[in-house]
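**Student:** Need coordinates for the following:
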Amino acid sequence: MKIIATITTAVLGLPLLFSGVAVAESAKETQNELTYLYVAAQSDPAIKDGYQALMKPLLDEYAWLSAYGTTTPGVVESLDDKNYEIYWGCKPHDCVVQSYAVMYDPEEKEMVAGAFVENSYDDNLLLKAEIFWLGHTDLDKARVLGKYLY
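**Tutor:** Numbers count the residues shown, from 1 in each chain. Next comes the predicted model:
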């Protein structure tokens, strides 16, 4: 009788186990919907145009920005009950010296804020960091973007 109860529990528990896996996979898929900035820019002209407009003041001095640099997949961040896509990248082969983060509003289809940071080092000691705030970056947006700059 104990074996039948164990088998029954196992059989009845399988759907719960798999539904938990399905929920976890669904959450992972939602997070994974965002891709690398350069890929997103190829499929959405608003992202490409918004990024180029946001970075325009820097493109002459930092040519690598026009090709997005080394990037990671974007993430979704909420601010004031609104979801934004955050993308970040850095100078290829020199991430610790130059990096950026941008904030895209998918509802309005516009790049709403951005930041570019340039660091100076002496060996491993950070001597100076200069942040260029781009677009209409208010304090709340700066707080969201700031954690992606280093």
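
**Student:** gap between stretch 116-135 and the chain center?
**Tutor:** On the basis of C-alpha atoms, centre = their mean, to the nearest Å, stretch 116-135 is displaced by 20 Å from the centre of the chain it belongs to.

**Student:** Tell me how many other residues crowd A129.
**Tutor:** Using other C-beta atoms under 10 Å, A129 has 12 other residues around it. Any C-beta I mention is one placed from the backbone N, CA and C, and that applies to glycine too.

**Student:** Need the pLDDT of it.
**Tutor:** Turning to A129, the model gives it a pLDDT of 95.

**Student:** quick one: which helix or strand includes it?
**Tutor:** Assigned by DSSP states H and E, A129 falls within strand 125-135.

**Student:** So, low pLDDT: which residues of this structure?
**Tutor:** 1-33 (pLDDT under 70).

**Student:** how does it divide up, domain by domain?
**Tutor:** As given by automatic domain parsing, the domain ranges for the chain are 1-32, 34-146.

**Student:** hang on, the earlier thing: contacts made by the strand holding A129 with the rest, please.
**Tutor:** Contacts to strand 125-135, defined as C-beta atoms under 8 Å, 6 or more residues apart in numbering, come from residues 54-55, 57-58, 102, 111-121, 142, 149.

**Student:** Kindly recompute the last result at 10 Å.
**Tutor:** Residues outside strand 125-135 that contact it (C-beta atoms under 10 Å, 6 or more residues apart in numbering): 50, 53-58, 62, 96, 100-103, 110-122, 137, 141-142, 145-146, 149-150.

**Student:** for the domains of the chain, which one ends up most surrounded?
**Tutor:** domain 34-146 (a mean of 16; mean count of other C-beta atoms under 10 Å).

**Student:** secondary structure class for T35?
**Tutor:** Classification of T35 by DSSP: H, G, I helix; E, B strand; the rest coil places it in coil.

**Student:** nope, K56 is what I was after
**Tutor:** helix.

**Student:** give the contact list for it.
**Tutor:** 65-66, 134.
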